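Engineer: Okay, here's the prediction I keep looking at, along with the sequence it came from:
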Amino acid sequence: MEKPTVHSAQSVRDIEDTVRTDFRHAMSYGGYLDLDHLLSSQHPLSEPEHHDELLFIIQHQTSELWLKLVLHELLEARRLFDADNLGKALKCIARVKAIQRTMTEQWSVLGTLTPREYAQFRGFLGSSSGFQSYQYRGVEFLLGNKNRGMLRVFESEPEAHALLGKLLEEPTLYDAFLRVLARAGYDIPSDILDRDTSEPWTFRKDLVPIFQKIYESDDTPWGLYEACEDLVDIEDNFQAWRFRHLRTVQRTIGFKVGTGGSSGVDFLKRALDLTFFPELYAVRTEIGN
Ligand code: HEM
Ligand SMILES: N[C@@H](CC(=O)c1ccccc1NC=O)C(=O)O
């Protein structure tokens, strides 16, 4: 006779008696997370409502939540660089890198939106566009892609304008790191340390031998080497996000002009030529054994 198969798995789990069920006077999940607010913040505009507009809204809202945390962590990393607390700064950067990977993988969700589905509600988006994301622009500013002209987009949003104005003036994460290097004894030219930090970063050839020393010397403190590689990782991850955005845009709207007024794919392509930390890439050409 065949043995009966024993199934230990069940389809119902008992709720333990100790599980709390009365939240009239106690903090609950929804209360702590303000879910009423969060989950009533999706307002599709299409009429009749298009099934896929909710996907579009949630993809953007989750991206904005992650960008909020990226900004929070990068600001803390910059503060920790200023305090010469390299270990903790790198912990913040590790979190940023993990968020970036999640944001890049998230494009696969929007990739399920077909061109026709998007065309059916695109008209309801009017002139709104990701180009107007102040948090995205804030991250770019903090990483060194400063552009005063971008502020004009935010003239009708005073808080966003003020935040970007501040980030435009302040030192970038890279500025803060170069100051760490100067304090650690590396010969960073003084005009770099005193530069007008509201200007975009421009390539400095004289930094390349300094990075070469960091990369080639066995005496380099590990944290400094690691910080250099982390910056390269951040730039790499940023470019991967831009590339997936570009490819998603191309498969969804082809070569149509953007709702924000740009040429679309062509405009986005040009962002792939941008670099935050050019010397950290240039040094690779010089590295020997
Ligand atoms: C079907 C989906 C999407 C399409 C067709 C699309 C299209 C575009 C286009 C054409 C631009 C150029 C500016 C313009 O003229 O509008 C742009 C910029 C931008 N989009 Fe999207 N986008 C999509 C999804 C997203 C998502 C999910 C995000 C996440 C936040 C996003 C963030 C941005 C950002 C930050 C920019 C500015 C990029 C830059 O300055 O280089 N986009 N998008
Ligand atoms: N620029 C997009 C529209 C778009 O994607 C969008 C519209 C409103 C809010 C966020 C958006 N996302 C990224 O640009 C387009 O041209 O179709």
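Structural biologist: Yep, it's here. Ligands and ions are numbered 1, 2, ... in the order given.

Engineer: could you say what helices and strands the helix ranked longest in the chain packs with?
Structural biologist: With secondary structure taken from DSSP state H, the chain has its longest helix at helix 222-253. Under the contact definition 3 or more C-beta pairs under 8 Å, 6 or more residues apart in numbering; DSSP states H and E, helix 222-253 sits against helix 86-105, helix 107-110, helix 115-122, helix 134-143, helix 173-183, helix 208-216, helix 265-270, helix 278-286. In this view, the C-beta of every residue, glycine as well, is placed from N, C-alpha and C.

Engineer: try 7 Å
Structural biologist: helix 86-105, helix 107-110, helix 115-122, helix 173-183, helix 208-216, helix 265-270, helix 278-286 (3 or more C-beta pairs under 7 Å, 6 or more residues apart in numbering; DSSP states H and E).

Engineer: hmm, that helix touching ligand 2?
Structural biologist: Yes. Helix 222-253 lies within reach of ligand 2 by C-beta under 6 Å from any ligand atom, at residue 253.

Engineer: tell me the angle that helix makes with helix 86-105.
Structural biologist: Angle of helix 222-253 versus helix 86-105, following axes from the mean of the first three to the mean of the last three C-alpha atoms, to 10 degrees, is 20 degrees.

Engineer: looking only at pLDDT, what's the mean for helix 222-253?
Structural biologist: Mean pLDDT, computed over helix 222-253, is 98.

Engineer: Next, the buried residues of it.
Structural biologist: Neighbour-count burial for helix 222-253, counted by 16 or more other C-beta atoms under 10 Å, picks out 223-224, 226-228, 230-235, 237-246, 248-249, 252-253.

Engineer: Whichever residue of the chain sits closest to ligand 2: neighbour count?
Structural biologist: Closest contact between the chain and ligand 2, by C-beta to the nearest ligand atom, is at residue 130 (2.7 Å). With neighbours defined by other C-beta atoms under 10 Å, the count for residue 130 comes to 15.

Engineer: What's the local residue count around the nearest residue to residue 223 once chain neighbours are set aside?
Structural biologist: Ranked by C-beta to C-beta, 6 or more residues apart in numbering and with sequence neighbours excluded, the top spatial neighbour of residue 223 is residue 86, at 4.2 Å. When neighbours are counted by other C-beta under 10 Å, residue 86 registers 20.

Engineer: Now that residue 86 has come up, it's in contact with residue 228, right?
Structural biologist: No. Between residue 86 and residue 228 there is no contact under C-beta atoms under 7 Å: 11.4 Å.

Engineer: So for residue 3, what's the pLDDT?
Structural biologist: So, for residue 3, pLDDT stands at 65.

Engineer: just the one 5 residues further on next, same as before
Structural biologist: In the predicted model, residue 8 carries a pLDDT score of 77.

Engineer: swap in the one 4 residues further on?
Structural biologist: Predicted confidence (pLDDT) for residue 12: 94.

Engineer: and it, how far is that from residue 106?
Structural biologist: Residue 12 sits 34 Å away from residue 106, taking C-beta to C-beta, to the nearest Å as the criterion.

Engineer: and the two? which has more neighbours close in?
Structural biologist: residue 106 (16 against 5).

Engineer: Just the buried positions in stretch 74-89, please.
Structural biologist: 74, 75, 76, 77, 78, 80, 81, 86, 89.

Engineer: Tell me which two in those residues are the farthest apart.
Structural biologist: Greatest spatial distance among the buried residues of stretch 74-89 (C-beta to C-beta): 75 and 86, at 16.4 Å.

Engineer: Please report how far residue 112 lies from residue 259.
Structural biologist: Computed with C-beta to C-beta, the distance linking residue 112 and residue 259 is 21 Å.

Engineer: low-scoring stretches of this protein, by residue?
Structural biologist: 1-7 (pLDDT under 70).

Engineer: what does it put close to ligand 2?
Structural biologist: 60, 122, 125, 128, 129, 130, 253, 258, 259, 260.

Engineer: From those, which land in helices?
Structural biologist: Per DSSP H, the residues of the chain next to ligand 2 map to helices at 60, 122, 253.

Engineer: could these go into a markdown table alongside distance to residue 94?
Structural biologist: As requested, these are exported to a markdown table (distance: C-beta to C-beta, whole Å):
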| residue | distance to residue 94 |
| --- | --- |
| 60 | 26 |
| 122 | 38 |
| 253 | 35 |
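
Engineer: what inclination does the longest helix of the chain have with respect to helix 173-183?
Structural biologist: 170 degrees.
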